[in-house]
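Enquirer: structure for this input, please:
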Amino acid sequence: MLNLEPTKFTIYTERHNDLQLQELVNRYFDGATINYGHGLWKGETEISATITILARHADLQTVVNLAGDIKHVTGQQSVIVTAEPVTRIDV
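Expert: Reported below is the predicted structural model:
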């Protein structure tokens, strides 16, 4: 089924306690993808977490609330949220 409404939200943060991060995401959304990698912040290398959520654009405030919770729990100076419209096709 073709659905043109979804937005892909991406949250960029530092890797912290994996279980705690999963619990925070589960508090707000039924599903997400979490990828881990290496990032740079102010000249320092860190283990990063990238959280991808497909949701309605109307869920933007919920995503921002999640990012705020992540920032609070991890003590990060900055947690970045991006949003981009996508076409979702469930097969």
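
Enquirer: mind naming the longest helix for this structure?
Expert: helix 60-74 (DSSP state H).

Enquirer: tilt between the next helix or strand after it and helix 60-74?
Expert: With elements assigned by DSSP states H and E, the helix or strand that comes after helix 60-74 is strand 80-85. If you take axes from the mean of the first three to the mean of the last three Cα atoms, to 10 degrees, strand 80-85 sits at 160 degrees to helix 60-74.

Enquirer: show me what the helix or strand hosting residue 9 is packed up against.
Expert: For residue 9, the host element (DSSP H and E) is strand 6-14. Here strand 6-14 touches strand 33-41, strand 44-56, helix 60-74, strand 80-85, going by 3 or more Cβ pairs under 8 Å, 6 or more residues apart in numbering; DSSP states H and E. In short, each C-beta sits where N, CA and C put it, glycine included.
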